[in-house]
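**Q** generate a structure from the sequence data that follows.
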Amino acid sequence: LEGKELEIKRLEQDRNTKTKTAEQLKKKEKALASELKEKQKRRRELDAAIKRAIEEEIKASNNKKSSNKTKTKSTTSSTTPAKSSGSSSVIELTPDEQLVSNSFINNKGKLPWPVAPHPDVPSVMIENRGIDILVEPGTHVRAVFEGIVTGVLDMMGSKVVMVRHGEYLSVYQNLATVNVKKGDKVSTKEVLGTVAKANGSNTYELH
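**A** Modelled structure (predicted):
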């Protein structure tokens with residue numbers, strides 16, 4: 001009987017402990033849900049800002065080419081108007097840019113990682129407009145392919161670098177420092193900067 005009573009007491013203690021743990025988990029769940037909601041909001045804002053930056057890059061590039069075409073045509077014909085492509089969602093390419101673009105797409109599946117992968121920690125990917133890569137402090141961010149830096153932006157406390165590879169753009173988000181400037185030509189694996197801390201955490205994350 002004494003043994004049974006002790007067993008009942010232990011079970012009661014276990015139940016109380018589990019109840020406290022469940023309550024703590026519920027509180028933590030609410031905090032995590034709130035944090036996740038805030039992160040999702042920030043990500044949407046950043047995605048929208050980067051989308052605008054890309055659209056502006058396309059528009060500026062096409063306007064420049066359209067302007068050059070207009071100048072060329074005006075020297076040969078005064079009756080044929082140049083067609084503007086400023087509202088196009090596709091970048092018009094010069095022959096040199098077409099070569100870079102073709103080379104980029106032919107390397108699909110073989111492009112290097114934008115950071116050196118950690119030898120012991122597997123990478124975890126989630127569905128979003130890119131990939132999130134957790135790294136060590138001070139990790140260098142590298143260009144995945146040769147191209148031209150078309151933008152160095154400051155968005156919500158972190159830096160963003162955009163590199164154009166013909167008609168393609170690779171975007172490197174959440175940088176603490178930047179080693180390049182707009183107009184620089186970069187080669188594959190050239191260092192663009194270093195990774196910053198993820199918002200609201202002590203981890204370092206490249207998007």
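
**Q** grab the nearest non-local neighbour of the residue nearest the centre of the chain.
**A** The centre of the chain sits closest to His207, judged by C-alpha atoms, centre = their mean, with a distance of 3.5 Å. Distance criterion C-beta to C-beta, 6 or more residues apart in numbering; nearest residue to His207, sequence neighbours excluded, is Gln173 at 4.1 Å. C-betas here are computed from N, CA, C, even on glycine.

**Q** check the burial of that neighbour by counting its neighbours.
**A** Gln173 is flanked by 25 other residues according to other C-beta atoms under 10 Å.

**Q** just Val195 next, same as before
**A** 28.

**Q** can I assume it is in contact with Val178?
**A** No - if you go by C-beta atoms under 8 Å, Val195 and Val178 don't touch, sitting 11.4 Å apart.

**Q** sorry, back to before: on the pLDDT front, check the residue nearest to the centre of the chain for me.
**A** Looking at His207, its pLDDT is 91.

**Q** do I have it right that it meets Leu175?
**A** No - using C-beta under 8 Å, His207 is not in contact with Leu175, being 9.8 Å away.

**Q** so how far is Lys197 from the residue nearest to the centre of the chain?
**A** 12 Å (C-beta to C-beta, to the nearest Å).

**Q** for Glu167, same thing?
**A** If you measure Glu167 against Lys197 using C-beta to C-beta, the figure is 33 Å.

**Q** looking only at neighbour counts, state which of these two leads.
**A** Neighbours were tallied for Glu167 and for Lys197 using other C-beta under 10 Å; the higher tally belongs to Glu167 (18 against 15).

**Q** mind listing what the more buried one touches?
**A** Neighbouring residues of Glu167 by C-beta atoms under 8 Å, 6 or more residues apart in numbering: 90-91, 93, 97, 101.

**Q** just the strands from the protein, written as ranges.
**A** With DSSP state E applied, the chain shows strands at 133-135, 140-142, 147-155, 158-165, 168-178, 185-186, 191-195, 204-206, listed in chain order.

**Q** in a markdown table: those strands, plus distance to Lys30.
**A** Below are the strands of the chain laid out as a markdown table (distance: least, C-beta to C-beta, whole Å):
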| stretch | distance to Lys30 |
| --- | --- |
| strand 133-135 | 25 |
| strand 140-142 | 35 |
| strand 147-155 | 29 |
| strand 158-165 | 27 |
| strand 168-178 | 26 |
| strand 185-186 | 45 |
| strand 191-195 | 30 |
| strand 204-206 | 24 |
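
**Q** for Lys39, find the nearest of those.
**A** strand 204-206 (10.8 Å; C-beta to C-beta).
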